[in-house]
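Asks: fold the stuff below for me.
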Amino acid sequence: MSLPPNRSCVGCRRVREKRDLLRLSFDRRTIRIDPKGRLPGRGLYLCRDEACLVLAEARHAFSRWIEADDARRLAAEIREVLGAGWPFFLGGITKFLDQTGVSERVAGRPLADAGAALHA
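Replies: Numbering: from 1, shown residues only. So this is what the prediction gives:
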């Protein structure tokens, strides 16, 4: 019996089963979301978790492959796929990462602007 294929998340860098990660396909010009894992090109993998998306952005994981503006658009598309747009807009996971110090360790600064998040 063979083991299932594993891949590393570009956000948290943890190794997980391929089926548990969201695949992104890079074809020398753009990165596209590849939910079925069948698009041609080099694959990047991301956990289906808001925190990993924030970490990937903080590490500039997408802008290593594409222009910064395109990387921001890609992150917005990923948020829609993950259903994370609304919590992020309200401070969501970025506020948590700032409070726990993760954003300082990864990005060297808080991810949310002071006073930008709404308070619950």
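
Asks: lowest-confidence helix or strand of the chain?
Replies: When each helix and strand of the chain is scored by mean pLDDT, DSSP states H and E, helix 85-89 comes last, with a mean of 44.

Asks: how about Arg29: what's its closest non-neighbour residue?
Replies: Ile66 (7.8 Å; C-beta to C-beta, 6 or more residues apart in numbering). Heads up, the C-betas are built off the backbone N, CA and C, glycines and all.

Asks: ok so the one you found is a helix residue?
Replies: No. Under DSSP: H, G, I helix; E, B strand; the rest coil, Ile66 falls outside any helix and is assigned coil.

Asks: tell me where the model's unsure across the chain.
Replies: Where the chain drops to pLDDT under 70, the residues are 83-120.

Asks: can you tell me the element Leu24 falls in?
Replies: Element membership of Leu24, judged by DSSP states H and E, is strand 21-26.

Asks: that should have said Asp69, apologies.
Replies: Assigned by DSSP H and E, Asp69 falls in helix 68-82.

Asks: give the buried residues for that helix.
Replies: By 16 or more other C-beta atoms under 10 Å, the buried positions in helix 68-82 come out as Ala71, Leu74, Ala75, Ile78, Arg79, Leu82.

Asks: max pairwise distance over these: which two?
Replies: The span of these, defined through C-beta to C-beta, is set by Ala71 and Leu82 at 16.2 Å.

Asks: tell me where the chain has strands.
Replies: Assigned by DSSP state E, the strands in the chain fall at 6-8, 15-17, 21-26, 31-33, 42-47.

Asks: now what about stretch 6-14, what contacts it?
Replies: Outside stretch 6-14, the residues that touch it by C-beta atoms under 8 Å, 6 or more residues apart in numbering are 15-18, 21, 43-47, 49, 51-56, 59, 61-62.

Asks: can you check stretch 24-37 too?
Replies: With contact meaning C-beta under 8 Å, 6+ apart, stretch 24-37 is reached by 18, 22-23, 39-46, 62, 65-66, 70-71, 74, 77-78, 81.
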